[in-house]
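J.: Here you go, sequence then predicted model.
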Amino acid sequence: MLLSDAYPFHYLQREYPEDERLLYVDLYHFKSTKSHLWYIVRVECYECHIYGVKFFQKNHRLSKDKYRLMSNTFEPRRIVNTCVNIMLKVYAENPKASFGFIGSNCIGEDIKYTKRFRFYSRIVATYFDTTFFTHKENTDKSTYMLINNAFWTEHPNLVDDIESFFTERYDYFD
């Protein structure tokens, strides 16, 4: 069931990046009816049925800091709820799906326990029941994983596999 306090979203396309770490990236977009700004949501599919969810304002797409810039539209809940709805859609299509995200630090903010991380983790804890997902946080890196309990039961090394996968491929997780 999708959240009602969210914007309608539209699937754009699937990309197959040359980055061997990614299987594919699905792109979605939505428009805020409050600010009239467009947002892009990247759902990155990795091994082990894990999906990384990222979003940014479309007008920031060329910025190296696109995930760190604040929109200052004072509507973060509705924007994040839209991302949650996209995650729920992915989960409906792939019942083995687990999710991860980073609460990016604002410019000048430390990466530990960021403002975004605190907000995102409250929202995710509200909408993803522990019956279906185990919530795993790393406050030092402001990362959050939703581990699919059913798939974890089938694959007891799932968390170790996911952590190893990202640690081996991304300097951020060292």
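T.: It's in.
J.: Now do the contacts for the residue nearest in space to the middle of the chain.
T.: Here the mean C-alpha position of the chain is nearest to the C-alpha of V53 (C-alpha atoms, centre = their mean), at a distance of 2.4 Å. Counting by C-beta atoms under 8 Å, 6 or more residues apart in numbering, V53 makes contact with 41-44, 83, 86-87, 99-101. C-beta coordinates here come from the backbone N, C-alpha and C atoms, glycine included.
J.: give the contact list for the closest residue to it other than its chain neighbours.
T.: Of all residues not flanking V53 in the chain, F101 sits nearest, at 5.2 Å (C-beta to C-beta, 6 or more residues apart in numbering). Counting by C-beta under 8 Å, 6+ apart, F101 makes contact with 52-54, 120, 143-144.
J.: Tell me where this protein has strands.
T.: Here the chain has its strands, by DSSP state E, at 9-15, 24-31, 38-46, 50-57, 98-102, 133-138, 143-148.
J.: Now for the residue nearest to H49 when sequence neighbours are not counted, how many residues are close by?
T.: Leaving aside its sequence neighbours, H49 sits nearest to K96 (C-beta to C-beta, 6+ apart; 4.2 Å). For K96, the count of nearby residues is 15 (other C-beta atoms under 10 Å).
J.: related to what we said a few turns ago, could you dump the contacts of V53 to a markdown table with distance to L69 and pLDDT?
T.: A markdown table is the format used below for those (distance: C-beta to C-beta, whole Å; pLDDT from 0 to 100):
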| residue | distance to L69 | pLDDT |
| --- | --- | --- |
| V41 | 16 | 98 |
| R42 | 15 | 97 |
| V43 | 20 | 98 |
| E44 | 20 | 95 |
| C83 | 16 | 97 |
| I86 | 20 | 98 |
| M87 | 22 | 97 |
| F99 | 23 | 96 |
| G100 | 21 | 91 |
| F101 | 17 | 91 |
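J.: Tabulate those residues (CSV), appending distance to R21.
T.: Shown next, in CSV, are the contacts of V53 (distance: C-beta to C-beta, whole Å):
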residue, distance to R21
V41, 19
R42, 14
V43, 15
E44, 9
C83, 21
I86, 21
M87, 20
F99, 17
G100, 13
F101, 16
